[in-house]
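**Q** Provide a 3D model corresponding to the input given below.
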Amino acid sequence: MSEFLRSYQTVIWFGVVAVLLASLLLGLASLVRPVKPNREKQLAYESGVDPVGDGWVQSQIRYYVFALLFVIFDVEAVFIFPWATQLERYAGFGLVEMGIFVFVLLLGLVYAWRKGVLRWI
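**A** This next block holds a predicted model:
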């Protein structure tokens, strides 16, 4: 077996051991835990207040999209900071690459704006 495959074989063995250990521990926990279901345990917990109405309330997808946009632009800031600290090393090439990166993100922002995702109504 080549050295290349031998290095991957180690990773695979660790993965197999991790999956087996997790399965063993979860199986053992399901056998040991007490199981005594009753009506009170089946109710949805809402901070100590008895639930009122149906538990399946639909929320608008706009909130999730807004949160995803926040995460995307937060990650953008994470990528821009190391670039800004090493700007002298990257010179013109780094400036052009970061310009392309920011331009693509701005295109995404304009697209979301035009689709009305950023309206918080």
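**Q** tell me the SS of L118?
**A** coil (DSSP: H, G, I helix; E, B strand; the rest coil).
**Q** Can you tell me the element the residue lying closest to it once chain neighbours are set aside falls in?
**A** Excluding the flanking residues, the one nearest L118 by Cβ to Cβ, 6 or more residues apart in numbering is A112, at 6.0 Å. C-beta: built from backbone N, CA, C; applies to glycine. Element membership for A112 (DSSP states H and E) is helix 87-115.
**Q** how about the helices in the chain?
**A** 3-32, 39-42, 61-85, 87-115 (DSSP state H).
**Q** which intervals of this structure have sub-threshold pLDDT?
**A** Applying pLDDT under 70 to the chain flags the ranges 44-55, 121.
**Q** The helix holding A112 versus helix 61-85: what angle between them?
**A** Angle, helix 87-115 to helix 61-85, by axes from the mean of the first three to the mean of the last three Cα atoms, to 10 degrees: 160 degrees.
**Q** What is the burial count for L118?
**A** For L118, the count of nearby residues is 13 (other Cβ atoms under 10 Å).
**Q** That one is in contact with F70, isn't it?
**A** No. Assessed by Cβ atoms under 8 Å, L118 is found out of contact with F70, at 10.7 Å.
**Q** still on that earlier bit, surely the residue nearest to L118 touches L69?
**A** Yes. Applying Cβ under 8 Å, one finds A112 in contact with L69, separated by 5.9 Å.
**Q** Now list whatever residues contact both of the two.
**A** Residues touching both A112 and L69 (Cβ atoms under 8 Å, 6 or more residues apart in numbering) are L118.
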